[in-house]
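Undergrad: pasted the sequence and its predicted model underneath.
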Amino acid sequence: MERGINFPNGADAAASAAPGKTTMELVQQRFKSDETVHLIFEAYQIKGQEHVEGLLALVSSSSGGTYAIISFSFLRTPLSACNELKINKVFPINKSFQLTKDTKGSITEQQFDLSTDDDRPSKYYYHPIKTDITSVDYEEFVARVYSCKSSMWIAEMPVERMLNFRWLDDYREIGEVKQELKKRESQYIVYKDIIVYCATWNVNNRPCWDNNDSLRPWLACGDTPPHIYAIGLQEIDTMTKVMLNGNQMAMYATQWIRKMLDNLHHGTGIEYEELQSVRLSAMMLTIIVRKKVRQHILRCRINSVARGILNTLGNKGGVAVSLQLNEANICFINSHLAANMENVGDRNEDYKAIEEGMRFEEDGRPFRTINDHDHIFWLGDLNYRVNKPKTNLLEQSSDQDQIFDLRLERDQLRLEMEQGHCFKGYSEGEIKFEPTYKYDVGTDIYDTSEKQRAPAYCDRVLWKGKQIELITYNSVMAIRQSDHKPVYAIFKMKIKTRDEAKYKRVQEEVLKAVDKRENDNQPQIVAEKTVIDFGLMRFNEPSIRDFNVYNNCPQQVDFKFKVKDSPLNDICEKWLHVDPRSGSLLIESACSIRIRMMVDANTVTGLLKKISSTRGRCDFDILILHVKSGRDIFITVTGEYQPSCFGLSMETMCRTDRPISEYKQEEIKNLMNDVSPEYRVTMPREFFLLIDYLHRQGEKLKGIFQSYDRRQLLSSQFNAVRDWLDTWSEEEFPGTPQTAAEALVLLLDLPDQALLEPFVEDLLISKSKSEAMELIALLSPPKRNVFMHLCMFLREGIERHNYELSNVALIFGRILLRSSKCNVTIDYHNRCSEFMRRFINIETADSVAGGAGQGGATGAGLQT
């Protein structure tokens, strides 16, 4: 059944859904409040033979201070809601971003590539004439994109401006559910306080076992035991022979870590453990956490960037640890930058190289940079010195406060940060301690060597990010083993933490909303019925059921019934036929689907096997109606099968205590699964009734058993014969001898297991009747009695010349010795025929070898 179509392309319905909303406004709705869509540009991609229409949006984030291009495709056109825009790809406009005009294709004037270092180029095409009034043309698109890139990476930027692309994480193919959860973070995110303890010390090649002095004055300050320690060491041992000896350097590092763990803050019931250490030559960063915090750390990655000699030796450079604690991403960097007063530029270059080169592997994305973290702590021997004044004010002044202020005014790091040359966006606490370098070892006296290096604040702790409060920033004068003084900084940081109860509630709401949107946007059809009930089904009686499917969504829908896996390899069971198997539904149209069921000689064995092996209720089948790009619909085909003697084994029929017609499906299932050797009778009454009737027909039997083909239609009187047998009727036989012969052959052929199983293979290679009889004697009583009575009946008919020996031997031989394994052998037919001859031909001697044959039964037409 096909119905009329009201909306040929759905345009009228879509237009009325969102009056007054422009494409630009719909795109803006896909982003958060601090993200701005500056322009949209119509573009499409070619995937295989399909043109995928879409658009590119130039978007900026005020929190990240960066721009990106977001590629969308349309779930439907024209757009009526923002959720009809699907994000396909994200292109951050970073330093590696490229927009390249493609001149090699066939449409040279209307194609271009977008790319970053993260992935290979993506090709886009555009139409020469724009169709949306809110979109821009190609020239304006290119000009605006490069203008935005220039504003970020070429022009001078304020020091306080922090560029990052973290905001794009919400759009990097993470799925609509995660995007919605990100937007609603404020409803389930709470902020918890943790204490972070950052410590740095250039140990000047002094092994930790050189002295027994405690490190607690450096690592155990403050009132509250920290949750996280980040401890950076420089110059563990810079002797070349040691730096090149990995085992020795690793041993030094292990000793230092042990000493750190022995000198941490003591707190009641608080235990610490090493989370991660990373080392580069003589530089090391160790992260130590409370044991109870460890379980909340979801990710931990390390990396290093070598600088110094040839930028490879690693005597200078940086090491870093990236971790996720609850919902917060935290990065710790320990660096040792270029030395000497005059090498300010080299130090700046070292900083830039570390910042740009430090990347952490991430699951599901290319990498995470330092700036892709919520909280960043940068510590180490940064080696920035104090510039010498033009006059000798520092030497001439006796006012210590004035000297202190003059040093800070001429501190290279602060000067370089103010000019935007390094550590953009980082903060440092107020320095209230003396310069940390350079001291005579073992003293608090500045360098008295020939070089007499000027005091400098080489050792620093900086940070970047929100929700970070500095509690303490100081050096430790009491530790004198190095020419550097240790420095530490204690922070209280509020980290994003998920309130699980609130999150679960929000997640449920989002899942329901997204599910509804997906249902609204996906192609879908409505089935009039999902349960097709055939009622009572009987053997050899067909039945038909029709139902309709409707397309109520504003687009054409293609459907087909899904092919099931092996061994079925079809859309439905063999006793069902579905028409049509596939089709297309235009908007507001319907289609009628017909299911025909027929349990016959070709299918009853499979149905009975399904019934006997299924626990509980057995449905006839479950059809899967697959909607292209939509959700599958499951259609249950059910009903009740009225058992018949056709298809049942001789053992099952011998267990009945009343006619088969009085049994229900579940009762017959129990009898089929009964494997006990107990039987109510030793030969099925149904078999006896047929043999008895045929025996009394005398001359009327001439010409029967000429051929047998299970696929042929049964005679018109067959169903009456079925009922006569299934009810143990005492009425006259309702058919002819030919109908009775047809029923007898089916009664023997339709059970799942051949009558002479499990000895078919042995019987086929038996050499004599006596040898075969030894095996037949081992059959169950029902099978053995049926076989012996059948042979006596057939032998009597052959003696009376009612039917041909060759035909009967081949037909019944292949039925009784039915075997999927043996029937592939060349002489299978001859062996079946020869076996039967021994029992139905009184002239056959026992000495005749099985399989020698007597020419076979060429007169019989037997097909299965």
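TA: On my side now, so go ahead.

Undergrad: now for W256: which residues touch it?
TA: By Cβ atoms under 8 Å, 6 or more residues apart in numbering, the contact list for W256 reads 203, 208, 233, 236, 284, 286. No exception for glycine: its C-beta is placed from N, CA and C like everyone else's.

Undergrad: on the three-state scheme, it is what?
TA: helix (DSSP: H, G, I helix; E, B strand; the rest coil).

Undergrad: just W209 next, same as before
TA: Following three-state DSSP, we place W209 in the helix state.

Undergrad: repeat for the one 4 residues further on
TA: In the three-state summary, D213 is assigned as coil, counting by three-state DSSP.

Undergrad: before we move on, the earlier item: now, the contacts of W256 that are in strands?
TA: Secondary structure defined by DSSP state E assigns 233, 284, 286 of the contacts of W256 to strands.

Undergrad: quick one: which of those is most hemmed in?
TA: L233 (27 neighbours; other Cβ atoms under 10 Å).

Undergrad: find the residue closest to that one in space, skipping its chain neighbours.
TA: The shortest distance from L233 to any non-neighbouring residue, by Cβ to Cβ, 6 or more residues apart in numbering, is to M284 (4.9 Å).

Undergrad: in stretch 429-449, which residues are buried?
TA: In terms of neighbour count (16 or more other Cβ atoms under 10 Å), stretch 429-449 has its buried residues at 429, 431, 434-439, 446.

Undergrad: using pLDDT, spot the least trustworthy of the contacts of W256.
TA: Of all the contacts of W256, C208 carries the smallest pLDDT score, 84.

Undergrad: re the thing from before, could you dump the buried residues of stretch 429-449 into CSV with distance to A777, pLDDT and secondary structure added?
TA: Converted to CSV, the buried residues of stretch 429-449 look like this (distance: Cβ to Cβ, whole Å; pLDDT from 0 to 100; DSSP: H, G, I helix; E, B strand; the rest coil):
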residue, distance to A777, pLDDT, secondary structure
G429, 101, 97, coil
I431, 107, 96, coil
E434, 110, 95, coil
P435, 109, 96, coil
T436, 104, 97, coil
Y437, 106, 96, strand
K438, 108, 94, coil
Y439, 108, 96, strand
Y446, 113, 94, strand
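
Undergrad: which single one of these is nearest to G317?
TA: Y437 (19.0 Å; Cβ to Cβ).

Undergrad: from the contacts of W256, which is closest to P226?
TA: The closest of those, once distances to P226 are taken by Cβ to Cβ, is T286, at 13.3 Å.

Undergrad: which residues touch the residue lying closest to the closest one once chain neighbours are set aside?
TA: Closest residue to T286 apart from its sequence neighbours, by Cβ to Cβ, 6+ apart: S277 at 4.4 Å. Remark: with contacts taken as Cβ under 8 Å, 6+ apart, S277 is in contact with 253, 257, 284-287.

Undergrad: against F759, how distant is N830?
TA: As judged by Cβ to Cβ, to the nearest Å, N830 and F759 stand 19 Å apart.

Undergrad: swap that for L55, sorry
TA: Separation of L55 from F759 (Cβ to Cβ): 75 Å.

Undergrad: between those two, which has more neighbouring residues?
TA: Shown here are L55 and F759; by other Cβ under 10 Å, L55 has more neighbours (24 against 18).

Undergrad: the more buried one against Q45, yeah?
TA: No: when contacts are counted by Cβ atoms under 8 Å, L55 is not listed as touching Q45 (11.2 Å).

Undergrad: mind listing what's buried in stretch 257-271?
TA: Neighbour-count burial for stretch 257-271 flags 257, 260, 263-265 (criterion: 16+ other Cβ under 10 Å).

Undergrad: ok, now stretch 287-301?
TA: Here stretch 287-301 shows 287-290, 293, 296-297, 300-301 as buried, counting by 16+ other Cβ under 10 Å.

Undergrad: how about stretch 653-663?
TA: 653-656, 659-661, 663.

Undergrad: tell me the span between the first and last residue of that stretch.
TA: Chord length of stretch 653-663, first to last residue, is 11 Å (Cα to Cα, to the nearest Å).

Undergrad: ranges for the helices of the stretch 201-350 of the chain?
TA: Assigned by DSSP state H, counting those that start in this stretch, the helices in the stretch 201-350 of the chain fall at 216-219, 240-243, 246-262, 291-294, 344-357.

Undergrad: contacts only, for G232.
TA: 198-201, 283-286, 319, 334, 379-380.

Undergrad: do that again at 10 Å, thanks
TA: Taking Cβ atoms under 10 Å, 6 or more residues apart in numbering, we find G232 in contact with 198-202, 283-286, 318-319, 332-336, 377-381, 459, 461, 487.

Undergrad: tell me the buried residues in the helix or strand that P121 is a member of?
TA: Applying DSSP states H and E as the criterion places P121 in strand 119-125. Across strand 119-125, burial judged by 16+ other Cβ under 10 Å covers Y124.

Undergrad: repeat that for stretch 794-810.
TA: Here stretch 794-810 shows 794-795, 797-798, 802-810 as buried, counting by 16+ other Cβ under 10 Å.

Undergrad: what about that stretch, how long is it end to end?
TA: 12 Å.

Undergrad: what do you get for stretch 574-593?
TA: Terminal residues of stretch 574-593 lie 17 Å apart, using Cα to Cα.

Undergrad: next: stretch 216-226.
TA: 13 Å.

Undergrad: returning to what we had before: reformat the contacts of W256 as JSON lines; add distance to D223.
TA: Below are the contacts of W256 laid out as JSON lines (distance: Cβ to Cβ, whole Å):
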{"residue": "V203", "distance to D223": "27"}
{"residue": "C208", "distance to D223": "27"}
{"residue": "L233", "distance to D223": "25"}
{"residue": "I236", "distance to D223": "31"}
{"residue": "M284", "distance to D223": "28"}
{"residue": "T286", "distance to D223": "23"}
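
Undergrad: now the host helix or strand of I532: buried residues?
TA: Using DSSP H and E, I532 sits within strand 531-537. By 16+ other Cβ under 10 Å, the buried positions in strand 531-537 come out as 532, 534, 537.

Undergrad: what packs against it?
TA: Strand 531-537 makes packing contacts with strand 543-550, strand 590-597, strand 633-641 when contacts are defined by 3 or more Cβ pairs under 10 Å, 6 or more residues apart in numbering; DSSP states H and E.

Undergrad: who's in contact with that strand?
TA: Residues contacting strand 531-537 (Cβ under 10 Å, 6+ apart): 543-547, 575-576, 593, 595-599, 607, 619-621, 623, 634-642, 664-665.

Undergrad: chain center to it: distance?
TA: 38 Å (Cα atoms, centre = their mean, to the nearest Å).

Undergrad: sheet-wise, list the partners of that strand with their directions.
TA: Neighbouring strands of strand 531-537 in its sheet, by DSSP bridges, are strand 633-641 (parallel).

Undergrad: ok, then the element right after the strand it pairs with?
TA: Counting by DSSP H and E, what follows strand 633-641 is helix 650-654.

Undergrad: what sits up against that following helix?
TA: Applying Cβ under 10 Å, 6+ apart, the contact partners of helix 650-654 are 608, 612, 643, 645, 648, 660, 668, 671-687, 725, 747-748, 751, 753, 755, 779-787.

Undergrad: next secondary structure after it?
TA: helix 665-672.

Undergrad: circling back: CA atoms of the strand holding I532 as CSV?
TA: Coordinates of each C-alpha in strand 531-537 appear next as CSV, following Å, rounded to 0.1, in the frame of the first residue of the first chain:
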residue,chain,number,x,y,z
VAL,A,531,4.2,-8.5,17.3
ILE,A,532,2.7,-10.6,14.4
ASP,A,533,0.6,-13.4,15.9
PHE,A,534,-0.3,-16.3,13.6
GLY,A,535,-2.5,-18.0,16.2
LEU,A,536,-2.6,-21.8,15.9
MET,A,537,-0.5,-23.1,13.0
